[in-house]
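What follows is a protein structure lacking sequence information:
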């Protein structure tokens, strides 16, 4: 039986584990922290704008499990906030145990607090990966979904230092780029001014530290918007954000909160003393990152060059997904790329042709378009997400955006890809 080893237990890693398992592999999933989902534990936004289309595509391709959980854990559905329609907000406080239970129930071998630090190579092939304790884990196919956030040195060099985010590098050790260890040079994303990396685009506020009026509105509507006095408005932070779909003037002119269990503040950071001057925020404190008054985690400093099948270039048996695979933003994007990587890992092990999602699908177009754009200097300054910015505009221009599930299903039937991820290949 094919042994697939997945490094990184975020949304992309979990998605890859699920489709690899369904294709018949013996799957081993390694995560350096004590929880799955990584930044998904402080995210929560699903189905906004083109993510609705992409989610339904992935479901109909045969990878429904994670979207079912996010839907079931949603505190709010079909809500709107500036620049975004029909969004769902899942509860970050309950999502991770649900995903962990699913992973274990499928017979996936899960190893938490297991940090991979190096690779063993034979020519252009990985023979094993090395744990922090020097143990070697052998496998047939490896999938890197380690993301692009951290380690601490990057947050110091390109940001404002370790902001103590949910990834907790000081406790669980820094992220390691296995593609780089394999001899493949990583690609670095840039900001609008040409500097490297980008700040995570939001913070989490403790809801109990907000006024009852704000909490009540969040619980009822899922959204709270407060206009910022003109003298406090700054547009510079918009250029720092990884989440360009939220880099709209409304996000500089207002405090925008979303209810994901915590109050999700749609800003990369906001000085606490200024935040506490606003009505209802007098006692506010940060939940993630703890230093959200001065900074946030830095991302997009470790991207692997890859094909549109999610195979890493020049390494015979290494796949990638999520932020490791491009300047992608969001959980849906991670699940879409992870699902393809997991399915293709089994195809690769069997010598079968790898599946490349056609550009008739928004999922296939995003994967291919991001791969083209990353070769351009200006493309390194962009982010690619179904939810907004340049790519959502492209979706609409190409008539890829729809909320009609029947339209998506008919398309997949025409190209004979309906439930392809359900195929047991071994």
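On my side now, so go ahead. Note that the structure is a prediction, hence the values are computed from the model and not measured. Numbering: from 1, shown residues only.

Output the lowest mean pLDDT helix or strand found in the chain.
helix 236-240 (a mean of 53; mean pLDDT, DSSP states H and E).

Return the set of buried residues in the helix or strand following that helix.
Next in sequence after helix 236-240, counting helices and strands by DSSP states H and E, comes helix 250-253. Buried residues in helix 250-253, counted by 16 or more other C-beta atoms under 10 Å: 251-253. C-betas here are computed from N, CA, C, even on glycine.

From the chain's centre, how far out is helix 250-253? Work that out for me.
24 Å (C-alpha atoms, centre = their mean, to the nearest Å).

Give me the mean pLDDT for that helix.
Here helix 250-253 scores 83 as its mean pLDDT.

and if you look at stretch 109-124?
On average, stretch 109-124 scores 98.

what does stretch 58-77 give?
The model assigns stretch 58-77 a mean pLDDT of 98.

got the end-to-end distance for it?
End-to-end distance for stretch 58-77: 19 Å, by C-alpha to C-alpha, to the nearest Å.

Buried residues in that stretch, which are they?
Going by 16+ other C-beta under 10 Å, stretch 58-77 has these buried residues: 58-67, 69-71, 73-76.

Inside helices: which ones of the residues you listed?
Secondary structure assignment (DSSP state H) places 58-61, 65-67, 69-71 from these within helices.

now these in TSV, with distance to residue 206?
Shown next, in TSV, are these (distance: C-beta to C-beta, whole Å):
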residue	distance to residue 206
58	33
59	34
60	39
61	38
65	31
66	27
67	28
69	25
70	23
71	26
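
Nearest to residue 405 among those?
Minimum distance to residue 405 across those is 7.8 Å, recorded for residue 60 (C-beta to C-beta).

Could you check how far that closest one is from residue 408?
From residue 60 over to residue 408 the distance is 6 Å, taken as C-beta to C-beta, to the nearest Å.

and which of the buried residues of helix 250-253 is nearest to residue 386?
Closest to residue 386, out of all of the buried residues of helix 250-253 and judged by C-beta to C-beta, is residue 251, at 18.6 Å.

The closest one and residue 266 touch, don't they?
Yes - the criterion here is C-beta atoms under 8 Å, and residue 251 meets it with residue 266 at 5.5 Å.

Sketch out the low-pLDDT regions of the stretch 151-300 of the chain for me.
Applying pLDDT under 70 to the stretch 151-300 of the chain flags the ranges 231-248.

quick one: the helices in it?
For the stretch 151-300 of the chain, applying DSSP state H, counting those that start in this stretch gives helices covering 152-158, 169-172, 178-181, 212-221, 236-240, 250-253, 272-275.

how about a markdown table for the ones you listed, with distance to residue 143 added?
Formatted as a markdown table, the helices of the stretch 151-300 of the chain follow (distance: least, C-beta to C-beta, whole Å):
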| stretch | distance to residue 143 |
| --- | --- |
| helix 152-158 | 22 |
| helix 169-172 | 20 |
| helix 178-181 | 10 |
| helix 212-221 | 37 |
| helix 236-240 | 30 |
| helix 250-253 | 34 |
| helix 272-275 | 39 |
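
I'd say residue 115 and residue 130 touch.
No - assessed by C-beta under 8 Å, residue 115 is found out of contact with residue 130, at 9.9 Å.

which one of the ones in helices among the buried residues of stretch 58-77 sits closest to residue 311?
For these, the nearest to residue 311 is residue 61 (18.3 Å; C-beta to C-beta).

For residue 325, grab the count of nearby residues.
29 (other C-beta atoms under 10 Å).

how far away is it from residue 313?
From residue 325 to residue 313 the distance is 11 Å (C-beta to C-beta).

Over to residue 401?
Residue 401 is 30 Å from residue 313, by C-beta to C-beta.

ok, the two, which is more surrounded?
residue 401 (18 against 13).

Show the pLDDT at the residue nearest to residue 349 when sequence neighbours are not counted.
What sits nearest to residue 349 in space, not counting adjacent residues and going by C-beta to C-beta, 6 or more residues apart in numbering, is residue 2, at 4.0 Å. Note for residue 2: predicted pLDDT of 97.

Offset the numbering so it begins at 49, please.
Renumbered: residue one is now 49, and that last one reads residue 50.

and residue 50, what are its phi and psi?
In terms of degrees, to the nearest 10, the main-chain angles of residue 50 are phi -70, psi 130.

right, and it touches residue 75 too?
No - the criterion here is C-beta under 8 Å, and residue 50 misses it with residue 75 at 9.2 Å.

more crowded one of the two?
residue 75 (29 against 20).

quick check: mean pLDDT across the strand or helix carrying residue 442?
In this structure, residue 442 sits in helix 437-445 according to DSSP H and E. Taken as a whole, helix 437-445 carries a mean pLDDT of 94.

do stretch 78-95 as well
Rounded mean pLDDT across stretch 78-95 is 97.

what comes up buried for it?
Those would be 78-81, 83-95, for stretch 78-95 by 16+ other C-beta under 10 Å.

Now, these that are in strands?
Using DSSP state E, the members of these that fall in strands are 78-79, 93-94.

Make TSV out of those and add distance to residue 217.
Output for these, formatted as TSV (distance: C-beta to C-beta, whole Å):
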residue	distance to residue 217
78	16
79	14
93	24
94	26
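
So which of those residues is the closest to residue 215?
Nearest to residue 215 among these is residue 79, at 10.8 Å by C-beta to C-beta.

isn't the closest one right up against residue 56?
Yes - the criterion here is C-beta under 8 Å, and residue 79 meets it with residue 56 at 6.7 Å.

Which strands or helices does the helix holding residue 442 pack on?
helix 410-421 (3 or more C-beta pairs under 8 Å, 6 or more residues apart in numbering; DSSP states H and E).

rerun at 10 Å
Applying 3 or more C-beta pairs under 10 Å, 6 or more residues apart in numbering; DSSP states H and E, one finds that helix 437-445 contacts helix 99-109, helix 410-421.

Give the next helix or strand downstream of it.
Downstream of helix 437-445 (by DSSP H and E), the next one is helix 453-462.

Now do the buried residues in that next one.
Neighbour-count burial for helix 453-462 [16+ other C-beta under 10 Å]: 456, 459-460.

what's around residue 472, how many residues?
Residue 472 has 9 nearby residues by other C-beta under 10 Å.

Quickly find the element holding it.
Per DSSP H and E, there is no helix or strand for residue 472.

Just give the nearest non-adjacent residue to it, would you?
Counting by C-beta to C-beta, 6+ apart, residue 72 is the residue found nearest to residue 472 once chain neighbours are left out, at 4.9 Å.

Phi and psi next, for the one you found.
The phi and psi values for residue 72, taken as degrees, to the nearest 10, are phi 110, psi 10.

Right, I'll leave it there.
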